[in-house]
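>>> Show me how the following folds:
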Amino acid sequence: MANDIGLLGRPTKFRWNVQSATAIVMIVMFSAVYYHFILNLHLNELAAHPAVIMAMPPLTILWGLSIFPLLVFLSFQDDFRNVNPLLPSNYRDIFIKSMKAMQSNGFKIREKDM
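Next up is the predicted model:
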């Protein structure tokens, strides 16, 4: 898989290792918690408290912000060597580095910005 050719003829950077498996598990778990919370809001809370629907956009934004650094980590693994996203300090570093790269390039991330 390391010799696969990706987009624009560049070799892919994805590698199966403990850190990438951890990031994938974290994405699945964040998504499952988000889905369970939104489903609970729809089934139980909206009938009793209709104003709770206003909490859904901020929750969706928080979910997106929680998985975004993990997706960047999976996409640019060479820039995050010896980083484990399971550790809060490393997750924070991934988040800060990906947000800085995105802000400096008009909210687009390229390999040279990392």
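>>> State the number of residues packed around residue 69.
Number of residues near residue 69 (other CB atoms under 10 Å) recorded here: 23. All C-beta atoms are positioned from the backbone trio N, CA, C, and that covers glycine.
>>> longest helix in the chain, by residue count?
Longest helix of the chain, by residue count under DSSP state H: helix 18-40.
>>> and the residue positioned nearest the centre of the chain, what does it touch?
Centroid-nearest residue in the chain, with CA atoms, centre = their mean: residue 67, separated by 2.2 Å. When contacts are counted by CB atoms under 8 Å, 6 or more residues apart in numbering, residue 67 touches 26, 27, 30, 31.
>>> again, only this time at 10 Å
23, 26, 27, 28, 29, 30, 31, 34 (CB atoms under 10 Å, 6 or more residues apart in numbering).
>>> Return the distance of the longest helix of the chain from the chain's centre.
Its chain's C-alpha centre and that of helix 18-40 lie 10 Å apart, by CA atoms, centre = their mean, to the nearest Å.
>>> Residue 78 contacts residue 20, doesn't it?
No: with contact defined as CB atoms under 10 Å, residue 78 does not count as touching residue 20 (11.9 Å).
>>> Confidence-wise, which helix or strand of the protein is lowest on average?
helix 46-48 (a mean of 81; mean pLDDT, DSSP states H and E).
>>> Tell me which helix or strand comes right after that helix.
helix 56-75 (DSSP states H and E).
>>> just for the chain, where's the confidence low?
Along the chain, segments meeting pLDDT under 70 span 1-14, 110-114.
>>> Mind exporting the C-alpha coordinates of stretch 69-82 to CSV?
The C-alpha coordinates for stretch 69-82 follow below in CSV (Å, rounded to 0.1, in the frame of the first residue of the first chain):
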residue,chain,number,x,y,z
PRO,A,69,-7.8,17.3,13.3
LEU,A,70,-8.0,13.5,13.1
LEU,A,71,-8.8,13.6,9.4
VAL,A,72,-5.8,15.9,8.9
PHE,A,73,-3.6,13.6,10.9
LEU,A,74,-4.6,10.7,8.7
SER,A,75,-4.1,12.7,5.5
PHE,A,76,-0.6,14.1,6.4
GLN,A,77,1.0,11.4,8.6
ASP,A,78,4.5,12.3,7.6
ASP,A,79,4.0,15.7,9.3
PHE,A,80,2.9,14.1,12.6
ARG,A,81,5.6,11.5,13.3
ASN,A,82,5.7,10.2,16.8
